[in-house]
Structure formats: C-alpha cells, structure tokens
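[1] this is a predicted model, with the sequence first.
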Amino acid sequence: MKIPFIEIAKVGAPHGLEGDLRLHVLSESVEKALAYGQWYIKKNRSSEWKPLDNEEIYRNGNKIFIHFSGANTPESARVWTNALIGVPREAIGETSDPDEFYWVDLLGMHILNGRGDDFGVVTDILETGANEVLICQKDKLQTLIPFVKKHVIQVDSKQKTIKVDWEYDY
C-alpha cells in the first residue's frame, strides 16, 4: 500500500546567490512544520516521495529556507522550485476540530446522498480559491461536489463515507 503524505511546504524561488530557496509553509506554522520529524520531497510532476537527507533547512525570522547539497547557485537550485515537502500522514496526528479534515483522509471515501444515490468515491480534491471541490468517480461518471456545509452533511471517517445534499442533475 502506498503511504499517504501530507504536504507541509512548497519550494519557492531561489533566494540569494548561493542556491538557497524559500519554503512556503502550508501547515499551521513554521514551528509545526519543523516539529514533524523526517521530511520528504516530491519534485514537480513526480509521484514519488523521497526522504530529505543532506539538505540544510534554516529559519530567518518567520521565513524558512532550504539549501540542497550540490545546488550552490540560483540556477542550479531552480530545478527544485515548486517541489513539495511532505511528511507521512501518521506524523501529523488528528485535527483538533471535528469539522476539519486532511484531504488525504477524504480520498477514497464513498459519496452518497440522503436518498442513497451513489456518486462513487473521492478521487481528488480541487482547490478553487472559494472552496474545495470533491471530485467523485463512479464507473465513467465524474461528479464535482463543493466541499461546503450546505452540501456536505456528514463525514464518517470510520465508515469512510460522506453523506451529501446533492443530486445527479446539479
């Protein structure tokens, strides 16, 4: 089984002249991101997470930077721009709010409405800026359902189901 990862940072553009890159923290805070333990990296357009080993990660105020070994100029470091930094799902723990969910935990959940109509399973989540949208797949039919309280009635993590107020013709 593939280990699920939670993305905690995204590698930004080079900073300075020695190959350092800015990290854009996606977790609650820099402190939390630094406390998760072993970090992994996934290059842009790759699906493989690799452990970070010889990289230098440092903080300057509220900003965090990374330096990859062998990348000593902005040009050589640029290949890492847009790479994702993540940690295994079990390193994160549970959310403090019962109405908050990690996206990785929603993937694979079964979607049903109140009448029992089956929308399949969550295959991906689209971030639109206004709200997230569940991408549900059943056979060849794909349904997009906004992940908002108006439409998501209940998320049952134990049963791996999501009950929605949604119809096929929406």
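    Looks like it came in fine. Numbering: from 1, shown residues only.
[2] switch to C-alpha atoms for all contacts and neighbour counts from now on
    Will do.
[3] C-terminal to the lowest-mean-pLDDT helix or strand in the chain, what's the next element?
    Every helix and strand of the chain was ranked by mean pLDDT, DSSP states H and E. The lowest is helix 30-35, at a mean of 83. In the C-terminal direction, the helix or strand that comes right after helix 30-35 (DSSP states H and E) is strand 40-42.
[4] avg pLDDT for that next one?
    The pLDDT scores in strand 40-42 average 94.
[5] dump the strand or helix carrying Lys163 to PDB, keeping only the CA atoms.
    Using DSSP H and E, the secondary-structure element containing Lys163 is strand 161-164. C-alpha atoms of strand 161-164 as PDB (Å, rounded to 0.1, in the frame of the first residue of the first chain):
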ATOM      1  CA  THR A 161     -18.400   7.700   3.800                       C
ATOM      2  CA  ILE A 162     -19.600  11.200   3.000                       C
ATOM      3  CA  LYS A 163     -23.300  12.000   3.000                       C
ATOM      4  CA  VAL A 164     -24.200  14.900   0.800                       C
END
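[6] neighbouring strands of that strand in the sheet, and parallel or not?
    Each strand pairing with strand 161-164, determined using DSSP bridges, is listed with its direction: strand 110-113 (parallel), strand 152-156 (antiparallel).
[7] any idea which of those strands is most buried?
    Per residue and on average, the most neighbours among the strands paired with strand 161-164 fall to strand 110-113, with a mean of 21 (mean count of other Cα atoms under 10 Å).
[8] with just CA atoms, put the helix or strand just after that strand into CSV.
    Later in the chain than strand 110-113, the nearest helix or strand by DSSP H and E is strand 118-127. Written as CSV, here are the backbone C-alpha positions of strand 118-127 (Å, rounded to 0.1, in the frame of the first residue of the first chain):
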residue,chain,number,x,y,z
ASP,A,118,-24.2,6.6,-5.1
PHE,A,119,-21.7,9.1,-6.5
GLY,A,120,-18.7,6.7,-6.2
VAL,A,121,-15.5,7.6,-4.4
VAL,A,122,-13.5,10.8,-3.9
THR,A,123,-10.6,10.5,-6.4
ASP,A,124,-9.2,14.0,-6.0
ILE,A,125,-9.9,17.4,-4.4
LEU,A,126,-9.8,20.6,-6.4
GLU,A,127,-8.9,23.9,-4.8
